[in-house]
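Engineer: no letters, just coordinates:
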């Protein structure tokens with residue numbers, strides 16, 4: 001029993017250490033960029049030794065991938081949750097508001113995500129991981145739009161719900177690229193809301209964006 005208890009404590013401590021390393025790495029990667037960060041810098045930010053790092057990750061690449069997956073999966077879950085709040089009738093402007101709040105979490109995440117995209121563009125294996133995440137995000141959107149079919153009409157130009165989901169993610173990519181450059185979160189959120197409302201309805205919507 002003593003051994004089992006000790007193992008349980010070690011496991012909990014390791015989970016805690018891993019979480020702290022990921023949290024510290026997020027801040028360091030956002031500030032300096034992947035490729036400009038050392039293991040020592042991550043350890044210093046987290047308050048751990050290199051031994052603690054290597055007991056959880058074999059390399060900085062592995063940590064970076066784990067960090068990306070953790071954040072990306074969280075956002076996909078949040079998008080699914082934001083889209084699940086309506087009944088069969090999809091209130092597009094309201095759903096767009098909720099999804100936009102989730103997708104534009106913070107600029108630090110966008111910086112880390114951009115680093116991952118550039119890294120993935122040069123490595124087919126990494127690219128596959130990114131494509132899988134994007135597919136999950138699109139599927140969450142497509143599934144919700146599919147449940148609304150027959151209740152909420154989509155513009156014919158988008159084709160099916162999968163086409164609509166691709167359009168939503170493409171709009172997000174464009175707006176967040178601009179956000180990385182001008183740092184104007186308020187304007188980015190407004191533009192994204194307008195774009196998504198126009199994509200998923202006849203463009204009329206119910207929200208007034210005239211202040212922009």
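Structural biologist: Right, received. Where do you want to start? Keep in mind that what you see is a predicted model, and the values were worked out from it rather than measured.

Engineer: distance check, the closest residue to residue 162 other than its chain neighbours against residue 194.
Structural biologist: Take residue 162 and drop its neighbours on the chain: the residue closest to it by Cβ to Cβ, 6 or more residues apart in numbering is residue 142, 5.0 Å away. For the C-beta atoms, the positions are set from N, CA and C on the backbone; glycine is no exception. Per Cβ to Cβ, to the nearest Å, residue 142 is found 21 Å from residue 194.

Engineer: what's the answer for residue 184, then?
Structural biologist: 14 Å.

Engineer: higher neighbour count, these two?
Structural biologist: Just comparing residue 184 and residue 194: by other Cβ atoms under 10 Å the higher neighbour count belongs to residue 194, 19 against 12.

Engineer: what about stretch 14-26, distance to the chain center?
Structural biologist: 18 Å (Cα atoms, centre = their mean, to the nearest Å).

Engineer: repeat for stretch 25-34
Structural biologist: 16 Å.

Engineer: if you count neighbours, what's buried in it?
Structural biologist: 25, 26, 28, 29, 30, 34 (16 or more other Cβ atoms under 10 Å).

Engineer: quick one: which of those residues sit in helices?
Structural biologist: 25, 26, 28, 29, 30 (DSSP state H).

Engineer: looking at these, which is nearest residue 63?
Structural biologist: residue 25 (5.6 Å; Cβ to Cβ).

Engineer: and the gap between the closest one and residue 34?
Structural biologist: The value you get for residue 25 to residue 34, if Cβ to Cβ is used, is 10 Å.

Engineer: any common contacting residues for those two?
Structural biologist: Overlap of the contact sets of residue 25 and residue 34 (by Cβ atoms under 8 Å, 6 or more residues apart in numbering) consists of residue 64.
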